[in-house]
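Visitor: Next one to model:
(one chain, ligands or ions: 1)
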Amino acid sequence: MTLTDHAPDDVLERHFEATIARNDRIEPRDWMPEGYRKTLVRQIAQHAHSEIIGMQPEGNWISRAPSLRRKAILLAKVQDEAGHGLYLYSAAETLGVSRLELTEMLISGRQKYSSIFNYPTLSYADVGTIGWLVDGAAICNQVPLCRTSYGPYGRAMIRVCKEESFHQRQGYELLATMMRGTDEQRAMVQESVNRFWWPALMMFGPPDADSPNTAQSMAWGIKRNTNDELRQKFVDMSVPQAEALGVTLPDPELIWNEERGHHDFGQPDWEEFMEGVKGNGPCNAQRMAHRRRAHEDGAWVREAATAYAAKQAAS
Ligand SMILES: CC(C)(COP(=O)(O)OP(=O)(O)OC[C@H]1O[C@@H](n2cnc3c(N)ncnc32)[C@H](O)[C@@H]1OP(=O)(O)O)[C@@H](O)C(=O)NCCC(=O)NCCSC(=O)Cc1ccccc1
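Guide: Residues are numbered from 1 along each chain as shown. A predicted model of the protein is given here:
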């Protein structure tokens, strides 16, 4: 049943609550509380910005990929990330904000992007590690989002997850190839995993006790799991993969807990996380400067497209 905006507020609200309780989707034309809309804009925009800013660390290696095959794979992956950003900006636009507004919020620092992309990519092994751990964490977080309560976001996630899953496998395959190579290559992989393990755990957000948004987002069906639940799932998933690769995860507290049926693990440096979120991470300034420059360089394209659209409308 669809209700129009002419229905009284309490009827609209009850209809919204009932849709959420049935685990059904809220669609763009449905009535929704302002807080629900704002939370979705914040999360979807942050997600879209992460995909676009996330092109930079790996993009750094396109011109230096070790073979034509690796270069073609990396180019395709980075291009996919641009596509994910575009699906997500489109999903956010159904909530009444424009892509230009969101881009301006990003480049003025009013909206965030994932902390993980503030770390540098220092060796080619980082391309594999990002695929394995960063896309791996992204999948853990995003598969439940395919069932998020907001229709356009959930549908965008289905396609994004299929592509992320392919990205994760290509990263794992790259690392497995290097692990079968020379001692130097194996050392490169281990050094890269040492740098990315803790930042990958931070991708799931602060611990539940310090997460101001989780309770309400779960009640609205926007998030389907808490930050700590997904972090645990990621650790449990990664341990056997690390063993199969032959790399050590850099956490002395990491141990299987028979009673819980999960691994116990140490805590990332949450102060380092907060500094990154506030814009003081190792590469924040560089990432933002690059994004601002790209936006300014693209001004002529936006102007030409607007002029062309106006001409078409007039004819
Ligand atoms: C789980 C969470 C990230 C955070 O839960 P929430 O309930 O929203 O927040 P919570 O109350 O727990 O936190 C308190 C505050 O901390 C902020 N904050 C938290 N964590 C982070 C963080 N890690 N980085 C920066 N900020 C973070 C949070 O915004 C909030 O601040 P606010 O209140 O706004 O001032 C959620 O938004 C989500 O699932 N997003 C969708 C997934 C998504 O965005 N994925 C993107 C990466 S994957 C990818 O791009 C694929 C790829 C792979 C390889 C290469 C290229 C691309």
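Visitor: Quick check: chain neighbours aside, which residue is closest to the closest residue to the ligand within the stretch 51-200 of the chain?
Guide: Here the residue of the stretch 51-200 of the chain nearest the ligand is Gly54; by C-beta to the nearest ligand atom that distance is 2.8 Å. For the C-beta atoms, the positions are set from N, CA and C on the backbone; glycine is no exception. Counting by C-beta to C-beta, 6 or more residues apart in numbering, Phe117 is the residue found nearest to Gly54 once chain neighbours are left out, at 5.0 Å.
Visitor: Pull the number of nearby residues for that neighbour.
Guide: For Phe117, the count of nearby residues is 26 (other C-beta atoms under 10 Å).
Visitor: Check the spacing between it and Arg64 real quick.
Guide: Remark: distance between Phe117 and Arg64 (C-beta to C-beta, to the nearest Å) = 19 Å.
Visitor: Which positions in the stretch 151-300 of the chain make contact with the ligand?
Guide: 202-206, 211-214, 217, 223, 227, 277 (C-beta under 6 Å from any ligand atom).
Visitor: got JSON lines for those residues, with neighbour count, pLDDT and distance to Ala72 too?
Guide: Formatted as JSON lines, those follow (neighbours: other C-beta atoms under 10 Å; pLDDT from 0 to 100; distance: C-beta to C-beta, whole Å):
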{"residue": "Met202", "neighbour count": "23", "pLDDT": "98", "distance to Ala72": "31"}
{"residue": "Met203", "neighbour count": "24", "pLDDT": "98", "distance to Ala72": "27"}
{"residue": "Phe204", "neighbour count": "23", "pLDDT": "98", "distance to Ala72": "32"}
{"residue": "Gly205", "neighbour count": "21", "pLDDT": "98", "distance to Ala72": "34"}
{"residue": "Pro206", "neighbour count": "18", "pLDDT": "98", "distance to Ala72": "38"}
{"residue": "Ser211", "neighbour count": "16", "pLDDT": "97", "distance to Ala72": "40"}
{"residue": "Pro212", "neighbour count": "8", "pLDDT": "97", "distance to Ala72": "43"}
{"residue": "Asn213", "neighbour count": "15", "pLDDT": "97", "distance to Ala72": "39"}
{"residue": "Thr214", "neighbour count": "21", "pLDDT": "97", "distance to Ala72": "40"}
{"residue": "Ser217", "neighbour count": "21", "pLDDT": "98", "distance to Ala72": "39"}
{"residue": "Lys223", "neighbour count": "25", "pLDDT": "98", "distance to Ala72": "36"}
{"residue": "Asn227", "neighbour count": "21", "pLDDT": "98", "distance to Ala72": "36"}
{"residue": "Val277", "neighbour count": "18", "pLDDT": "92", "distance to Ala72": "35"}
